[in-house]
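Visitor: Turn this into a model:
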Amino acid sequence: MPDDRKQFVVVGADYRPHLPERKAPSLRDKLKGKPLLSMGILSIIVLGCIFAEQVYNHDPTGFYLQNLNEAPNGNFYFGTDSLGRDIFSMIWYGGRASILIGLLSTAIITVIGVIYGCISGSADSRVDAVMMRVPELINSIPIILLVLLLTSVMGKQNILKISFVIGVTGWCALARIVRSEVRQIRSSEYVLAAHCMGGSFLHIMARHLIPNFVSTIMFVVVSSISLSMSMESTLSFLGLGLPVDVISWGSMLSLANKALLSNTWWVIIIPGLFLIITLVCITNIAYFFRRETNKLESIL
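Guide: Residues are numbered from 1 along each chain as shown. A predicted model of the protein is given here:
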């Protein structure tokens, strides 16, 4: 059978096939859009808090009564408060408690929100409707009032108690997001196959559900750290957070009323500045995760 296909040969002077150039991405292109400044500042603050013993120059729990309300100077870099404590040393030492509260509260929010959202999203419509009324009921109460109620009932606060209070009152938004994601993928073939093969709910949740929405909830999870830290500071400012003897950025701000009366601005400005910078850096990193998630979803 004759071959009807025609073969073409391109001829010409200095002919060569055109191969498009593939320029390797430069380091600047790889780093473009990433919150490097926020990551750098946050890393410095976190490392300073971790290695606080090597950073501070005075005992953060010591009372230097001969240096009450002293302005920043060469001996006390950030000044002293009304109790004679060195603010520079307290910043790094107290940052541990504030960051730890943010991480513990976020862990509680993530565990409750993911499990509750997965159960609600996997259940039938009636159970799902009943379960979704619980977050709506919690959100109908102003969150600050709910936190104040729980903290007043639990008595004297410590890091674990206040982390628990913030965590059990802040999981509703994450649960709704997880529930909507689970309802979209629960009818997928791999999920149905896992059900048919006798996979337990925990197995399906860990192996098939969570890996498919972990990138979606990263923004909420990361931003929960900053929200938890700001909530602890609010409670301490109102006198219902950590006691004054437990040093944190929030408990340092609880002396703001006395600082305003005595015109010692450094007692308010410096801890507040560290808290605000940390919250802004965490929020900026959280927005970066959301942008990357949106780009990935648009590609897919």
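Visitor: Next, count neighbours for residue 182.
Guide: Other residues within reach of residue 182, judged by other CB atoms under 10 Å, total 24. Every residue, glycine included, has its C-beta placed from N, CA and C.
Visitor: Tell me where the stretch 1-150 of the chain has helices.
Guide: According to DSSP state H, counting those that start in this stretch, the stretch 1-150 of the chain carries its helices in the segments 27-31, 36-50, 52-55, 87-122, 125-139, 143-154.
Visitor: most neighbours per residue, which of the ones you listed?
Guide: With neighbours defined as mean count of other CB atoms under 10 Å, these peak in mean count at helix 87-122, which reaches a mean of 22.
Visitor: Where does pLDDT dip in the protein?
Guide: Within the chain, the ranges that satisfy pLDDT under 70 run 1-33, 296-300.
Visitor: Please name the nearest non-neighbouring residue to residue 247.
Guide: With sequence-adjacent residues excluded and distances taken as CB to CB, 6 or more residues apart in numbering, residue 247 is closest to residue 94, at 3.9 Å.
Visitor: Check which helix or strand the closest residue to residue 150 other than its chain neighbours maps to.
Guide: Take residue 150 and drop its neighbours on the chain: the residue closest to it by CB to CB, 6+ apart is residue 165, 4.6 Å away. Assigned by DSSP states H and E, residue 165 belongs to helix 159-168.
Visitor: quick one: that helix to chain centroid distance?
Guide: 15 Å (CA atoms, centre = their mean, to the nearest Å).
Visitor: Buried residues of it, list them for me.
Guide: Residues of helix 159-168 classed as buried by neighbour count (16 or more other CB atoms under 10 Å): 159, 162, 163, 164, 165, 166, 167, 168.
Visitor: Let me have the residues you listed in TSV, extended by distance to residue 135.
Guide: Shown next, in TSV, are these (distance: CB to CB, whole Å):
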residue	distance to residue 135
159	26
162	22
163	20
164	18
165	17
166	16
167	14
168	12
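Visitor: all helices of the stretch 151-300 of the chain, in order?
Guide: Under the criterion DSSP H, counting those that start in this stretch, the stretch 151-300 of the chain contains helices at 159-168, 172-185, 189-196, 201-204, 210-237, 249-253, 256-262, 266-299.
Visitor: Could you identify which of those helices is most buried?
Guide: Of those, helix 249-253 is the most buried (mean count of other CB under 10 Å), at a mean of 25.
Visitor: which residues sit against that one?
Guide: 81, 87, 90-91, 94-95, 97-98, 229, 232-237, 241-244, 267-268, 271-272, 274-275 (CB atoms under 8 Å, 6 or more residues apart in numbering).
Visitor: Go again with 6 Å.
Guide: Applying CB atoms under 6 Å, 6 or more residues apart in numbering, the contact partners of helix 249-253 are 94, 98, 232, 233, 236, 237, 241, 242, 244, 271, 275.
Visitor: And stretch 183-192, by the same measure?
Guide: When contacts are defined by CB under 6 Å, 6+ apart, stretch 183-192 is touched by residues 121, 122, 208, 212.
Visitor: Who are the contact partners of the third one?
Guide: It stands for residue 208. 190, 191, 194.
Visitor: got the residues you listed as CSV, with distance to residue 72 columns?
Guide: Output for the contacts of residue 208, formatted as CSV (distance: CB to CB, whole Å):
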residue, distance to residue 72
190, 60
191, 60
194, 61
